[in-house]
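this one's structure only:
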Ligand SMILES: [Zn+2]
């Protein structure tokens, strides 16, 4: 056992220069999402690297969606037994603070640049982990399927959604891991999201004849109030999953993150709208919560005889795999052996691509070398040694799962 971990780490470490070079090349491809630029070009680099590593790449164009440029998924596979584990990643990045972030800087054991942590560095770990598993003959009775998607930062409907819809995710898989920047923790749960746009229609009238108007802004205040009460109630409903102690344990609801009304200061507003954005713990049923929010809004509107419309702009289920699940225990065991530190399980405060797999009953985890606190920021970086350690964990995890 011990020797196997050492052998894996040595194989990975011998490739430190090519791993760094690949990451620097990937960072240089501007894949800002939104809008979702340069996705085809970045996919071509991944395809070429996977080909070189013997990962049998296939790039599949997916239907156009929003402003995504050449949206596609890059698939790969090693091994050919029936047991299956998914390695998943996304190659879009959040917008930069400065264009210089696309020129990666390599210094003091770190690579600094947009997407190094979230999660082009994670993808490099996965590709080299899969290649090590193949080369060192660790795939036993199974295979690793690689899924790289292009639009995680805007909901993943084009990429992961496409895989789900086209039956490209096998529910019999033993596990799925996505290389999100979990700072070395295992994210075994993630919140679900429901976003609404609530619109009210009144009647415009000039201030001189204000008595003839129906003030949609006033109506909006009336409808938003009870939602605030609901938000306070949900904040007290705490999750049973472990969490970063700095993160709130309740479900979070933001009322009025965006809002607007009227056409001019001297006119009774004939229309008004506001947003509601919520992140529900895995213990909550989001269908039930959506129904409750609708009820609260409709009841408040009925009381004042207001004309209200509710549009659901986002609906993403939560996901959770117990830390005691066999697939979770094996991942913890790999981390403990390779890193020599105890594995930590945490719920991710945000929404994760694990949901597309977890919904099919697949144990699904976020685990990556990137640090969450620098992701999306101006000095985003990845520690090169952590990127290699993580690659070794992926290879060892495949070995344990597929044995
Ligand atoms: Zn990410």
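Sure, I can see it. Since we're looking at a predicted model, the values are computed, not measured.

rest of the way, CA atoms for contacts and neighbours
Fine.

what's near enough to touch the residue nearest the centre of the chain?
Nearest to the mean C-alpha position of the chain, counting by Cα atoms, centre = their mean, stands residue 352 at 3.3 Å. Residue 352 makes contacts with 190, 191, 366, as judged by Cα atoms under 8 Å, 6 or more residues apart in numbering.

Which of those fall in strands?
Under the assignment DSSP state E, the contacts of residue 352 contribute 190, 366 to strands.

low-scoring stretches of this structure, by residue?
Residues of the chain meeting the criterion pLDDT under 70: 1-2.

Run through the residues that contact residue 94.
Per Cα under 8 Å, 6+ apart, neighbours of residue 94: 32, 33, 34, 114, 115, 153, 376.

I'd like those as a markdown table, with neighbour count appended.
Output for the contacts of residue 94, formatted as a markdown table (neighbours: other Cα atoms under 10 Å):
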| residue | neighbour count |
| --- | --- |
| 32 | 21 |
| 33 | 23 |
| 34 | 16 |
| 114 | 35 |
| 115 | 36 |
| 153 | 21 |
| 376 | 19 |
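
Let's have those residues in CSV, adding secondary structure and distance to residue 82.
Putting the contacts of residue 94 into CSV (DSSP: H, G, I helix; E, B strand; the rest coil; distance: Cα to Cα, whole Å) gives the following:
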residue, secondary structure, distance to residue 82
32, strand, 37
33, coil, 36
34, coil, 38
114, coil, 37
115, coil, 33
153, helix, 32
376, coil, 38
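
Look up how far residue 329 lies from the residue nearest to the centre of the chain.
20 Å (Cα to Cα, to the nearest Å).

now residue 241
Noted for residue 241: a distance of 16 Å to residue 329, by Cα to Cα.

Between the two, tell me which one has more neighbours.
residue 241 (21 against 14; other Cα atoms under 10 Å).

name the element the more buried one belongs to?
According to DSSP states H and E, residue 241 maps onto no helix or strand at all.

For the protein, list the residue farthest from the centre, please.
Max radial position in the chain (Cα atoms, centre = their mean) goes to residue 208, at 51.6 Å.

what are the phi and psi values for that one?
Backbone torsions of residue 208, given as degrees, to the nearest 10, read phi -70, psi -20.

ditto for residue 138
Dihedral angles (degrees, to the nearest 10) for residue 138: phi -100, psi 0.

what residues are up against the closest residue to residue 196 other than its chain neighbours?
In space, and not counting its chain neighbours, residue 196 is closest to residue 312: 4.6 Å by Cα to Cα, 6 or more residues apart in numbering. By Cα under 8 Å, 6+ apart, residue 312 lies in contact with 194, 195, 196, 197.

which helices and strands does the helix or strand where the second one lies pack with?
Element membership of residue 195, judged by DSSP H and E, is strand 192-201. When contacts are defined as 3 or more Cα pairs under 8 Å, 6 or more residues apart in numbering; DSSP states H and E, strand 192-201 packs onto helix 216-235, strand 271-280, helix 286-303, strand 307-316.

Now the element after it, going C-ward?
The helix or strand immediately downstream of strand 192-201 is strand 205-206, counting by DSSP H and E.

hmm, back to that, any chance of the contacts of residue 352 in JSON lines, plus neighbour count and distance to residue 380?
JSON lines is the format used below for these (neighbours: other Cα atoms under 10 Å; distance: Cα to Cα, whole Å):
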{"residue": "190", "neighbour count": "28", "distance to residue 380": "23"}
{"residue": "191", "neighbour count": "26", "distance to residue 380": "24"}
{"residue": "366", "neighbour count": "26", "distance to residue 380": "19"}
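
List just the nearest of the contacts of residue 352 to residue 356.
Of all those, residue 356 sits closest to residue 190, with 11.6 Å by Cα to Cα.

so what's that closest one bridging to?
Note on residue 190: beta-bridge partners residue 319, residue 348, judged by DSSP bridges.

Look up how far residue 291 lies from it.
From residue 190 to residue 291 the distance is 21 Å (Cα to Cα).

and if you look at residue 54?
On the measure of Cα to Cα, residue 54 and residue 291 end up 49 Å apart.

Which one of these two is surrounded by more residues?
Ranked by neighbour count (other Cα under 10 Å), residue 54 and residue 291 place residue 54 first, with 16 against 10.

Please give me every residue in contact with that one.
78, 131.

repeat that with 7 Å
Contacts for residue 54 (Cα atoms under 7 Å, 6 or more residues apart in numbering) come out as residue 131.
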